[in-house]
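Peer 1: here is my input; please provide its structure:
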Amino acid sequence: MLTRKHSIAVTEGENISAVLSLPESSSGQALKTVLIAHGAGGNMDNEFIVAMAEGLAEAGMATLRFNFLYAEKGRKAPDSPKKLNAAWLAVSDWIKTCSYFSVGPVYAAGKSMGGRYASQLLAEGLLDAEALILYGYPLHAPGKKDRLRDEHLYKIGIPMLFIEGTRDSLCDLEKLEGVLKRIKSPWSLEIIEGGDHSFRVPKALGLSSEQVNADILQRTLAWIEGL
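Peer 2: Here you go, the predicted model:
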C-alpha cells in the first residue's frame, strides 16, 4: 500500500489535510475510489477511519480520508453545517482532478456525522458519488427517537449501505428499519451485534476492536464488489 498526505483548500486561507492510500500496483487501471469522512468526536487518524481506509486500499481500491476544518485546527466542537459541507465538496472536487492515479467510480463514506453530511449533499444533488456508505448513521439524538434525521434520505438516488451496532444510542434499529422500508433506492443493512455508536462491543463477546473493524471492512468490501 502506498500513502501520500495532501493539503486541500476549503475556503480562502483554510486548508485541510487528507491522506491518499493506493494499492501497491493497479496496472494503470481505473480504481474504485472511496472518500472517507470522520465523525464529530474524531479526526482522519481515528482508529476506525484508518482501518477502513487502509483496508480498502490493501484490497485494491483508492481511498482518501480527510479532516474537517475544526479537526484540522485541533478543536473539539464541529464546524457549522456550511463549513462541514464545504470540506466535503472540496474533497470531492480535488479527487476529480487527482493525477496520482486513474480515478474510477467514486463512493462517499463517513462515520456518523461525516456520513450524515455526505447524505445531505447527495440528497441535494451537490455531491458526486455512485454509492454511499454510512458507518453508524446518527438517525436521532440520544433519547430523542421521535425526531428522526430521515427526510433527506428518501431523496437519495444511489445505493446505500448502513452499518449499525445493536447498542447504538443514536440509531434505534427498529426506527431505522421503518425508515429503510420507505427508501426507494437500493439499500443494505449490516448489523454489528453488541456494537455501540463507535462499534465497541461488550468484553463478554471476546472481540477486540481490530477484529470488529476487520469484520466491518469485509462487509464493506463485499457490498462494494456486489454493486
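
Peer 1: ends of stretch 194-209, how far apart?
Peer 2: 12 Å (Cα to Cα, to the nearest Å).

Peer 1: wait, isn't residue 109 in contact with residue 115?
Peer 2: Yes - with contact defined as Cβ atoms under 8 Å, residue 109 and residue 115 form a contacting pair (6.8 Å). Backbone N, C-alpha and C define where each C-beta goes, glycine included.

Peer 1: once you drop chain neighbours, what's closest to the residue nearest the centre of the chain?
Peer 2: Closest residue to the average C-alpha location of the chain: residue 110 at 1.6 Å, with Cα atoms, centre = their mean. Spatially, and ignoring its direct neighbours in sequence, residue 110 is nearest to residue 37 (3.8 Å; Cβ to Cβ, 6 or more residues apart in numbering).

Peer 1: where does pLDDT dip in this protein?
Peer 2: Within the chain, no stretch has pLDDT under 70.

Peer 1: shared neighbours, residue 109 and residue 115?
Peer 2: Common neighbours of residue 109 and residue 115 are listed as 37, 132-135 (criterion: Cβ atoms under 8 Å, 6 or more residues apart in numbering).

Peer 1: hmm, back to that, burial measure for the residue nearest to residue 110, as a count.
Peer 2: If you count neighbours by other Cβ atoms under 10 Å, residue 37 ends up with 27.

Peer 1: dihedrals phi and psi, it?
Peer 2: When read as degrees, to the nearest 10, the backbone of residue 37 gives phi -100, psi 150.

Peer 1: ramachandran angles for the residue lying farthest from the centre of the chain?
Peer 2: Counting by Cα atoms, centre = their mean, the extreme residue of the chain relative to its mean C-alpha position is residue 204, 28.1 Å from that point. When read as degrees, to the nearest 10, the backbone of residue 204 gives phi -60, psi -20.

Peer 1: make 51 the starting number, not 1.
Peer 2: Understood, numbering begins at 51; the last thing we discussed is residue 254.
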